[in-house]
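Participant: for reference, the sequence and a predicted model appear below.
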Amino acid sequence: LQTVPFNKTLKDCLETGLSIIIQGRVPDNSRSFAVNLVISGHDDDDIALHFNPRFDVNYCVRNSCRNKVWGEEEKAAYVSNPFKLGENFVLEIFCAPSEFMFAVNGTHFCSFPYRYPLYTITRLQILPRVDIFKIQTKLLHSYPATTQDDLVAQLKDQPLYHHHVLGYEKVDVSGKNPPLLFQLSNKLAVGNMIEIDGRVKLLPHT
């Protein structure tokens, strides 16, 4: 368990393809927490990235701050706030060519265009209230890097659907690349479901 507030120099310089992966838990009584990437050679008020889930309003703010002046807040996302009180999470901050990309529990959440060059960032801050289990950096060839098998036990998905009549047929295509062609063993009928478990490749066009 990492002590929060957390404030340490990054071992690796940020670059395209690098991801910061944070595993933690949101306490039941948290009103907000923040992950900051601080600019080199400046005090704690100079922040290239301020990622701030807020539970009283149930959305995540992204912003930057220079010379104690905050920039324009961004809070638009596919969902308002994927973090839940009392639940574990895995947050990935991925350095794409022109923006930070954020994934929570293996699912893309939002992005934030760079306002300062990556090479100027040298420090990671995490501010309460949040519990942190693990922090790591990785150079990635896919995003999100986290799969369900990588997540802490409390995050693993439960099956979305159980069918006690037709049974369940599984096809493992690990290591195979699309296009893929399958022959269905039975004709589709009302009540059938096809479930595809996969991961989007890094920065796909389609």
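Facilitator: Structure's in. What do you need?
Participant: which residues in the protein form strands?
Facilitator: Here the chain has its strands, by DSSP state E, at 6-9, 18-25, 34-39, 47-54, 59-66, 69-70, 88-95, 99-104, 107-113, 121-127, 131-139.
Participant: quick one: closest of those to residue 200.
Facilitator: strand 107-113 (7.5 Å; C-beta to C-beta). For glycine as for every other residue, the C-beta is placed from the backbone atoms N, C-alpha and C.
Participant: alpha carbons only: can I get that closest one in CSV?
Facilitator: C-alpha atoms of strand 107-113 as CSV (Å, rounded to 0.1, in the frame of the first residue of the first chain):
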residue,chain,number,x,y,z
THR,A,107,-11.9,0.4,-20.8
HIS,A,108,-11.1,3.7,-22.5
PHE,A,109,-12.6,6.6,-20.6
CYS,A,110,-11.4,9.9,-22.0
SER,A,111,-8.4,11.8,-23.4
PHE,A,112,-6.7,15.2,-22.7
PRO,A,113,-4.5,17.0,-25.4
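Participant: ok so, going back, how about the strands of the chain, which one is nearest residue 187?
Facilitator: That would be, of the strands of the chain and by C-beta to C-beta, strand 107-113, which comes in at 32.2 Å.
Participant: tell me the buried residues in that closest one?
Facilitator: 108, 109, 110, 111, 112 (16 or more other C-beta atoms under 10 Å).
Participant: just flag the most distant two among those.
Facilitator: 108 and 112 (12.6 Å).
Participant: identify the contacts common to those two.
Facilitator: The contact sets of residue 108 and residue 112 overlap at residue 102 (C-beta atoms under 8 Å, 6 or more residues apart in numbering).
Participant: one step back: got the buried residues of strand 107-113 as a markdown table, with pLDDT and distance to residue 49 columns?
Facilitator: Listed next are the buried residues of strand 107-113 as a markdown table, based on pLDDT from 0 to 100; distance: C-beta to C-beta, whole Å:
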| residue | pLDDT | distance to residue 49 |
| --- | --- | --- |
| 108 | 90 | 17 |
| 109 | 93 | 14 |
| 110 | 94 | 12 |
| 111 | 95 | 11 |
| 112 | 97 | 6 |
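Participant: what's the closest of the residues you listed to residue 12?
Facilitator: The nearest one, if we look at the buried residues of strand 107-113 relative to residue 12 and count by C-beta to C-beta, is residue 112, at 19.8 Å.
Participant: pretty sure the closest one is touching residue 71, no?
Facilitator: No. With contact defined as C-beta atoms under 8 Å, residue 112 does not count as touching residue 71 (10.6 Å).
Participant: below-threshold pLDDT in this structure: ranges please.
Facilitator: 42-44, 146-168, 201-206 (pLDDT under 70).
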